[in-house]
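Novice: the following comprises the amino acid sequence and a computationally predicted model.
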Amino acid sequence: MNRCAFLIPFAALALSAGAAASAANDEKVPYWASIDADIANLRVGPGESYRIDWVYRRPHLPVKVLRREGPWRLIEDPDGSKGWMRDLLLSRQRAGMVKDGSLIEMRAEGKSSGAMLWRVEPGVVGLLGECKDSWCPFDTDGHKGFVREDQLWGTGAP
């Protein structure tokens, strides 16, 4: 067999493998994500053999992804707890959680003069749209409106 004929396919394979690995690492950390499962385990290390530290039962809970290690993500939750979770349990769908404090107002429009639709309690989780001018579209169990960005955990730069 011609040596060049052997090296060309090998070089092409090596280049494509390098491109795939590079594409997988293109996703910069930190970034926002949300829990995409009814039950999700948070572990003390990046692997099934590590002890489960927390069990989450809140789909769409916003989390901050701090680090990647293979299929594992080091995350931080709204309470500041950190641990490792499988990437399959997370979604890039943005979500927010009403910060601790008093009730906040959900408005029909993204401005203070918009009609008030509901008062939302601290700890309520909802899906986010694109925040503009300090207001975010917020959908919690079909109740849709706008809330101020500074009243949610999961907005702004991660």
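Specialist: Okay, I see it.
Novice: C-alpha only now, for contacts and for neighbours.
Specialist: Noted.
Novice: can I assume Val63 is in contact with Gly80?
Specialist: No - Val63 is beyond contact range of Gly80, at 9.5 Å (criterion: C-alpha atoms under 8 Å).
Novice: so for the two, which residue has more residues nearby?
Specialist: Taking neighbours as other C-alpha atoms under 10 Å, Val63 and Gly80 compare with Val63 leading, 29 against 10.
Novice: spatially nearest residue to that one, not counting backbone neighbours?
Specialist: Closest residue to Val63 apart from its sequence neighbours, by C-alpha to C-alpha, 6 or more residues apart in numbering: Asp77 at 4.8 Å.
Novice: isn't the one you found up against Pro62?
Specialist: Yes - Asp77 lies in contact with Pro62 (C-alpha under 8 Å); the separation is 6.9 Å.
Novice: with neighbour numbers in mind, choose between the two.
Specialist: Each of Asp77 and Pro62 has its neighbours counted (other C-alpha under 10 Å); Pro62 has more, 32 against 17.
Novice: secondary structure element for the nearest residue to that one once chain neighbours are set aside?
Specialist: In this structure, Pro62 finds its nearest non-sequential neighbour in Ser34, 4.3 Å apart by C-alpha to C-alpha, 6+ apart. Element membership for Ser34, per DSSP states H and E: strand 31-35.
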